[in-house]
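Student: Got a sequence here, can you build the structure:
(one chain, ligands or ions: 2)
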Amino acid sequence: MNILGIETSCDETAASVVKDGRTILSNVVVTSLKKHAKFGGIIPEIASRHHLEFINSIVEQSLIDAHIKLNDIDAVAVTASPGLIGSLLVGTSFARALSFALNKPLVEIDHIKAHLYANFLLEKSPKLPAIGLIVSGGHTSLYQITSFKNFKLLGHTLDDAAGEAFDKVARILNLGYPGGPVIDRLAQKSSKNNNIRFSCAPLKDTFNFSFSGIKTAVLYYTKSNPKAKVEDVVFAFQESVVQNLVYKCLDACQKLKTKTLLVGGGVAANSSLRNKLQEAAGKSGIETFFPPIALCVDNAAMVAGMAYHYV
Ligand code: KG4
Ligand code: ZN
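Tutor: Ligands and ions are numbered 1, 2, ... in the order given. The predicted structure follows:
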């Protein structure tokens, strides 16, 4: 079964054809990120105009790359929520019209769950049940996943998302937008043996997160230590966020007696998170899955893949 997936929830216009929920036949993404960079964050109006401009050609290209015609599509899948309302409207209107014209089913997909589904597009497919950590610019949540239709929310951020904290810290330090990739790169240049320490609120005995306090701590620290090396500041910040994420994941795996851990969302691209989580989980006999970088950020393959289980 060939499913055409469409993703327009934020700043990426994406289309993809996935066969039988597993095999990516095409995966086309065009981002409007550069158009937002000078504003220090996503401007919804710019994002939705970009989707309108590109959606036709992106869908066409996804069919060309997959070597199929529109009539070879068995269903149309689209991200229905969460996301920027104007951006979602472009994708869902396009998908609805296409499904009606082709007389093929329309499948509406949750963006957050699709990020975790990206792990099922790997050569080796994870086994369920699993614990799922979603870390993106807008969300940070832990799920217990027992089937493709059964995601139980265990905890979520009470304030900023992990990616949002990276973006805000980068803004405080004038590092540009988005903050995650640049902080990841700079942290690797830190001497690492400095005595800067930040910490995230532990929120003990819950699976909830909080990242707004650490962002404020970075702000005050840099104000009172203007000569501190930016590499060392971002290293200390990143270490603390990663430590908190690792702790919560292992705690959830242990309490729910689960040996599979799935990670998804833009922050899953973070090199320190990838290394530290693999290492710590490995020691506890937990198998951890991260999508390749191209499937960590927003894409439509995760949408088309997940839809196979909902048609
Ligand atoms: O999932 P995503 O592409 O969009 C949302 O649905 O939010 O995630 C974007 C977020 C941004 O906050 C960005 O700073 C963060 O992912 N990010 C990273 C890295 N690459 C992207 N955060 C930390 N380290 C990275 N290497
Ligand atoms: Zn996303």
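Student: Get me the contact residues on the stretch 51-200 of the chain for ligand 1.
Tutor: Residues of the stretch 51-200 of the chain lying close to ligand 1 (C-beta under 6 Å from any ligand atom) are 136-138, 163, 166-167, 178-181, 184. Every residue, glycine included, has its C-beta placed from N, CA and C.
Student: can you pick the most crowded of those?
Tutor: Comparing these by number of neighbours (other C-beta atoms under 10 Å), residue 166 comes first, having 30 neighbours.
Student: Enumerate every residue touching that one.
Tutor: The neighbourhood of residue 166, defined by C-beta atoms under 8 Å, 6 or more residues apart in numbering, consists of 178-180, 183, 238, 241, 267.
Student: of all those residues, which comes closest to residue 23?
Tutor: residue 267 (26.8 Å; C-beta to C-beta).
Student: and that closest one, how many neighbours?
Tutor: Neighbour number of residue 267 under other C-beta under 10 Å is 27.
Student: Okay, strands next: where are they in the stretch 201-311 of the chain?
Tutor: Ranges of strands in the stretch 201-311 of the chain, per DSSP state E, counting those that start in this stretch, are 260-264, 287-289.
Student: Would you point out which residue of the stretch 51-200 of the chain is nearest ligand 1?
Tutor: Nearest to ligand 1 in the stretch 51-200 of the chain, going by C-beta to the nearest ligand atom, is residue 180, at a distance of 2.0 Å.
Student: could you check the distance from that residue over to residue 155?
Tutor: Between residue 180 and residue 155 the computed distance is 21 Å (C-beta to C-beta, to the nearest Å).
Student: Same question for residue 173.
Tutor: Residue 173 is 29 Å from residue 155, by C-beta to C-beta.
Student: now residue 244
Tutor: 12 Å.
Student: For those two, list the residues in contact with both.
Tutor: Taking C-beta under 8 Å, 6+ apart as the criterion, residue 244 and residue 155 both touch residue 209.
Student: Give me the more crowded residue out of these two.
Tutor: Using other C-beta under 10 Å as the criterion, residue 244 and residue 155 rank with residue 244 on top: 21 against 17.
Student: Any chance of the backbone angles for the closest residue in space to that one that isn't next to it in sequence?
Tutor: Once flanking residues are discounted, residue 244 sits nearest to residue 200: 4.0 Å by C-beta to C-beta, 6 or more residues apart in numbering. The phi/psi pair for residue 200 (degrees, to the nearest 10) reads phi -90, psi 150.
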